[in-house]
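Engineer: okay, predicted coordinates and the sequence, questions at the end:
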Amino acid sequence: MKHLIFAFLAIFTLFFGIQNSYSQTLSYGDEIHLQNSWNNYSGGFLDTRGYDRDYEKTGNHLCVSTATTNARATGTGTWKVLSAKGKDIGDPVLIGDEIHLQNGWDNYTGGFLDARGYQKDFAKTGNHLSVSTATVKNRDIGSGTWKIISATGKDNGTPVTQNFEVHLQNGWNNYSGGFLDTRGYQRDYAKTENHLCVSTANEKNRQNSGSGVWKVQIAGKSSSNSGESLPDEFAGWFRLKNVFRGDGECLEGNQINGTAKGGSTFMDKCQNVSGQLWKLEPAGDGFYRLKNQFRGDGECLEGNKVNSTYKGGGAFMNNCSNEIGQLWKLEPDGEGNYRLKNKFRGDGECLEGNQINGTAKAGSAFMDKCQNVTGQFWKIEKVQSGDER
């Protein structure tokens, strides 16, 4: 009997150990903290604080340093992991992967971790490029891309798990951007709670000090890992067609004027472009986020209020955040079509793709009072496997 009890306990421990290990595997869309290992992990947590000088001209956005805590201010020490190679939210993050890191400050408007410009005296110090955030994922030939390298000798393809130690290599100019590194105290660090300066270095672990080693701490799982699954009719990529505009036009979320909120969605002639491919991501309680293949996993369709007006309230692509204006529900009409309602705008408003000024690209999709008009009924047309861009 004693042997049976020990056997049961061993199986129980093994099973729950595997379950716990699985739940601590890093996936795309997860939120992380990055702890620097300098001086026995007293290097602080990767953090943002304050606007970069001339940020409006340069495209660089927030200053990057480390902080003594992982939550110095709301979201500043939190980073969302996004694939630079088109992997889906919920896919495991592996050693050797190329990623973007989106900062969580102010509902994920903190920008993307980026390298720009040589450090002062870089040839003497071993520090290489300055690090800040940028408003776009790839400001300049790979400057916002980071390759994950194991700091403990694990092979490429190994899943990244909780407390994994990594080097982060910058992709600028064919991966000559150096490795994410800390060096020297920030000015007034004792008052500000910012701690060490962050730049890149030419070596993975400068002077074997731990300054180029970062511990991955999983802070939040993506909604794709929440256990909620998509209905079959919503799975995969699809086009959105509007009953009023007809079968020849599709909703497009392409880029307009290079900005997010300038990137209003609009009806255009259906064609083989990634800006017309959409997917749904469960957000809980029957709501979904809508993502566009061209704009990538870091942006979501938003139906928030713009200028307090209905038709001024165009639906646009914006950085994914916790805004309820990015939460959608699909209400079937019983004939194979759906109304799209937005949690922020409420149950009385629907997404409309009607005609404005008689032109397609002037026909931006917008939130309007729900009514029995064909411009508020949408058809989901699945994209066949192999047709994705």
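Structural biologist: Nice, thanks for sending it over.
Engineer: going forward, measure contacts between C-alpha atoms and count neighbours the same way
Structural biologist: Noted.
Engineer: where does the stretch 1-150 of the chain dip in pLDDT?
Structural biologist: 1-23, 52-59, 119-126 (pLDDT under 70).
Engineer: how about a cut-off of 50?
Structural biologist: Across the stretch 1-150 of the chain, the ranges flagged by pLDDT under 50 are 5-23.
Engineer: for it, what spans make up the strands?
Structural biologist: Assigned by DSSP state E, counting those that start in this stretch, the strands in the stretch 1-150 of the chain fall at 31-36, 45-51, 60-67, 79-83, 98-103, 112-118, 127-134, 146-150.
Engineer: so W278 makes contact with W237?
Structural biologist: Yes: the pair W278 / W237 is scored as a contact, 5.4 Å apart, by C-alpha atoms under 8 Å.
Engineer: the two: which is more packed in?
Structural biologist: W278 (26 against 22; other C-alpha atoms under 10 Å).
Engineer: which pLDDT value goes with that one?
Structural biologist: Predicted confidence (pLDDT) for W278: 93.
Engineer: just the one 10 residues further on next, same as before
Structural biologist: Y288 carries a pLDDT value of 90.
Engineer: identify the residues contacting it.
Structural biologist: Counting by C-alpha atoms under 8 Å, 6 or more residues apart in numbering, Y288 touches 280-282, 327-329.
Engineer: what's the burial count for G86?
Structural biologist: For G86, using other C-alpha under 10 Å, the count is 12.
Engineer: E249 too?
Structural biologist: Counted with other C-alpha under 10 Å, residues neighbouring E249 total 21.
Engineer: distance of the residue lying closest to it once chain neighbours are set aside relative to E352?
Structural biologist: Distances taken as C-alpha to C-alpha, 6 or more residues apart in numbering put K269 closest to E249, at 4.4 Å, once the chain neighbours are dropped. Applying C-alpha to C-alpha, to the nearest Å, the value for K269 to E352 is 17 Å.
Engineer: these two: which has the busier surroundings?
Structural biologist: Neighbours were counted for K269 and for E352 using other C-alpha under 10 Å; E352 has more, 29 against 16.
Engineer: bridging residues for the more buried one?
Structural biologist: For E352, the beta-bridge partners are F366 (DSSP bridges).
Engineer: what sits against it?
Structural biologist: 365-368, 375-377.
Engineer: helices of the stretch 101-250 of the chain, residue ranges please.
Structural biologist: Assigned by DSSP state H, counting those that start in this stretch, the helices in the stretch 101-250 of the chain fall at 105-108, 122-125, 172-175, 189-192.
Engineer: OK, contacts around the residue most central in space within the chain?
Structural biologist: Per C-alpha atoms, centre = their mean, the C-alpha nearest to the average position across the chain is that of G298, at 3.4 Å. Residues near G298 by C-alpha under 8 Å, 6+ apart: 82, 102, 319-320.
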